[in-house]
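Participant: Could you look at this predicted model? Sequence included:
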Amino acid sequence: MLNDLFPNVDWEIMWEATRETIYMTAVSTVLTFIIGLVLGILLFLTSPTQLWANKVVNLLTGSVVNIFRSIPFIILVILLIPFTNFLLGTIRGANAALPALIIGAAPFYARMVLIALREIDKGVIEAARSMGAKTWTIIYKVLIPESLPALISGITVTAVALVGYTAMAGVIGAGGLGNLAFMDGFQRSRNDVTFVATVLVLVIVFIIQFIGDFITSKTDKR
Amino acid sequence: MIQLENVVKKYKTANGSLTAVNDVNLSINDGEIFGIIGYSGAGKSTMIRLLNGLEKPTSGKVTVNGQNISSIKGKELRNARHKISMIFQHFNLLWSRTVEENIAFPLEIAGISKAERQKRVLELVELVGLKGREKAYPSQLSGGQKQRVGIARALANNPEVLLCDEATSALDPETTDAILDLLVSINEKLGLTIVLITHEMHVIRKICHRVAVMEAGKVVEQGNVLEVFQSPKATVTKKFVSQVTETAGHKESISQMLDDYPNDQLIKLFFVGSKTEQPVISYLIREFGVDVNIVHGNISPTKSGPYGTLIVRIVGNDSDVSNAIQYLDEQGIKTEVIKNA
């Protein structure tokens, strides 16, 4: 029945591509979360009047974030080819897409982290300081828990964007549904392959959004 | 014992430097409730933050519990802060934590073990009257309950000093009184020093032993609350005192009186302590043959005794009136002739 509707779809390959997309999205989301969080917290704490107020560090971090956030992803992928090659010894396969995915998404997420942290009531940070809390304690007991819903909805948006990025990375040979849709679907004019690949991408996106929204509402006690 | 010596705090702003605290000398005794009153911008918020090192003085010395707060740093300052806790106008609770987790927060910071934390939290919940609400989140509490959590949290590490930053300014009058009563009972039960800043004379009147009045970064007046009420010197102090001694329409009724009876004397009497309980007016009428018309009266109980004012119109011949006033003076009741409202 499915084979009649989509005569050109090889389900084995389709499933393989789906797994690659999920793998690339999952790994890059986790690493983007960690790197973006660190960058975002650094941006926040070094901004004026904050605990580590430091113009130079703030400006440097801010510039790096802004530069990588501004480069269109497809160009970033190409620019990073030598770096990926140096790092992994290859520019093909799912792992080869990861550096570009993370470098493209982490600065984007760092901005969202910064916005989330700015929403925290200054008084709460002051209260923690008045109790004699170390900066490190303030980070993991105040900043992160108090901005958690925003951090999670931010990473949800980022993960959805990353699904799109994996499709673009697929074009240069990273594998996954984007690669399949382009190489097998578009280039060989097999519209049914493109269609199925698109539906699967949509399913992945919906699942990510659902999980993200669920956790966000669970953590929000305001 | 808290001591401020020649403390100056300047801020750099876009249009030059701003002096928030200007050469303040102050000493606060152990176990007393000390109030700092001033309008917004008077420098009282900065002042209270100098006491726990959230702000560093530009010059001068701040000593709390024998430690020079203005010069210690890092771990030493953080440890000192365990003994100088603070409550806030907007409570500043962590919304992500329940009541008991909020109260446990300073204990976590101080590195207290989990078992001990739980025991202490239970005691504190009981002390501030929040039993049954331990698992609630701040968003499920009323303002007064939130401040109770704030107080419990502040008391967690058995501080010696409690700083109150406009702690009742966001609460309604009834809740304000309940929180003030709680502060008094804590002060009496635990013997800790309370320093509070406020813009409401009512708060000072109700719970403070001593008061300092701030204006434009300077302490313009300080002393025993009753004395300050009795004879306010600075204009700003007089304004604050009138907050609690005068009612709405006070000025209008006096100026009306002055217009209607331009030849009679309108006199304001000040009673302090047990004098407020003596029947002086009836004696006045009986002995001096004058008529007394009461225009306005008020008694404000303070921490160190009641304080009352009475505005009367005394009618009679000149010598009788002056004899009557002399009698009042002899009784230790201060008098003041009102010329205009």
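Facilitator: Alright, I've got the coordinates.

Participant: residues in chain B within reach of chain A, list them.
Facilitator: Where chain B comes near chain A, counting by Cβ under 8 Å from any Cβ of the partner chain, the residues are B:52, B:54, B:77-82, B:84-86, B:88, B:90, B:92-97, B:105-106, B:108-110, B:137, B:139, B:153, B:157, B:163. Any C-beta I mention is one placed from the backbone N, CA and C, and that applies to glycine too.

Participant: Any regions of chain A where pLDDT drops low?
Facilitator: A:1 (pLDDT under 70).

Participant: Now do the helices in it.
Facilitator: Listed from the start of the chain, chain A has helices (DSSP state H) covering A:2-5, A:11-46, A:55-70, A:73-79, A:81-88, A:94-118, A:122-130, A:135-138, A:144-169, A:176-180, A:191-219.

Participant: May I have the fourth one as PDB, with CA atoms only?
Facilitator: Which is helix A:73-79. The C-alpha atoms that make up helix A:73-79 are tabulated as PDB, following Å, rounded to 0.1, in the frame of the first residue of the first chain:
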ATOM      1  CA  PHE A  73      24.400  29.000   7.900                       C
ATOM      2  CA  ILE A  74      25.000  27.700   4.500                       C
ATOM      3  CA  ILE A  75      28.100  30.000   4.200                       C
ATOM      4  CA  LEU A  76      29.200  29.000   7.700                       C
ATOM      5  CA  VAL A  77      29.200  25.300   6.600                       C
ATOM      6  CA  ILE A  78      31.400  26.000   3.700                       C
ATOM      7  CA  LEU A  79      33.700  28.300   5.700                       C
END
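
Participant: Which of the helices and strands in chain B ranks last by mean pLDDT?
Facilitator: Ranking every helix and strand in chain B by mean pLDDT, DSSP states H and E puts helix B:250-260 at the bottom, with a mean of 81.

Participant: Sheet partners, orientation included, of whichever helix or strand comes after it?
Facilitator: Moving toward the C-terminus from helix B:250-260, the first helix or strand encountered (DSSP states H and E) is strand B:265-272. Sheet pairing for strand B:265-272, assigned by DSSP bridges, gives strand B:305-315 (antiparallel), strand B:334-337 (antiparallel).

Participant: so which of those strands is the most packed in?
Facilitator: Among the strands paired with strand B:265-272, ranked by average contacts under mean count of other Cβ atoms under 10 Å in any protein chain shown, first place goes to strand B:305-315 (a mean of 20).

Participant: Tell me which of the helices of chain A is the most buried.
Facilitator: Mean neighbours per residue, mean count of other Cβ under 10 Å, is largest over the helices of chain A for helix A:176-180, with a mean of 27.

Participant: re earlier: please tabulate the strands paired with strand B:265-272 in TSV and include mean pLDDT as additional columns.
Facilitator: Converted to TSV, the strands paired with strand B:265-272 look like this (pLDDT from 0 to 100):
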stretch	mean pLDDT
strand B:305-315	84
strand B:334-337	83
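
Participant: Distance to residue B:130 added to the ones you listed, as JSON lines?
Facilitator: Written out in JSON lines, the entries for these read as follows (distance: least, Cβ to Cβ, whole Å):
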{"stretch": "strand B:305-315", "distance to residue B:130": "33"}
{"stretch": "strand B:334-337", "distance to residue B:130": "45"}
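
Participant: Ok, which of those strands comes nearest residue A:10?
Facilitator: Of all these, strand B:305-315 sits nearest to residue A:10, with 93.6 Å by Cβ to Cβ.

Participant: So which elements touch whichever helix or strand comes after the closest one?
Facilitator: The helix or strand immediately downstream of strand B:305-315 is helix B:318-330, counting by DSSP H and E. Contact analysis of helix B:318-330 by 3 or more Cβ pairs under 8 Å, 6 or more residues apart in numbering or on different chains; DSSP states H and E lists strand B:265-272, helix B:280-288, strand B:305-315, strand B:334-337 as its packing neighbours.

Participant: Which parts of the second one count as buried, going by neighbours?
Facilitator: Using 16 or more other Cβ atoms under 10 Å in any protein chain shown as the burial criterion, the residues of helix B:280-288 that qualify are B:280, B:281, B:284, B:288.

Participant: who does the next helix or strand after it pair up with?
Facilitator: Helices and strands here follow DSSP H and E; after helix B:280-288, the next one along the chain is strand B:291-302. Using DSSP bridges, the strands paired with strand B:291-302 are strand B:305-315 (antiparallel).

Participant: so which of the helices of chain A gets nearest residue B:226?
Facilitator: When these are compared for distance to residue B:226 using Cβ to Cβ, the nearest one is helix A:122-130, at 31.7 Å.

Participant: So is the closest one next to chain B?
Facilitator: Yes: Helix A:122-130 reaches chain B (Cβ under 8 Å from any Cβ) through A:123, A:124, A:126, A:127, A:128, A:129, A:130.

Participant: residues from chain A in reach of chain B?
Facilitator: Proximity of chain A to chain B, by Cβ under 8 Å from any Cβ, involves residues A:121, A:123-124, A:126-134, A:137, A:141-142, A:145-146, A:148, A:219, A:221-222.

Participant: rerun at 6 Å
Facilitator: Counting by Cβ under 6 Å from any Cβ of the partner chain, the residues of chain A lying close to chain B are A:123, A:124, A:127, A:130, A:131, A:132, A:133, A:145, A:146, A:221, A:222.
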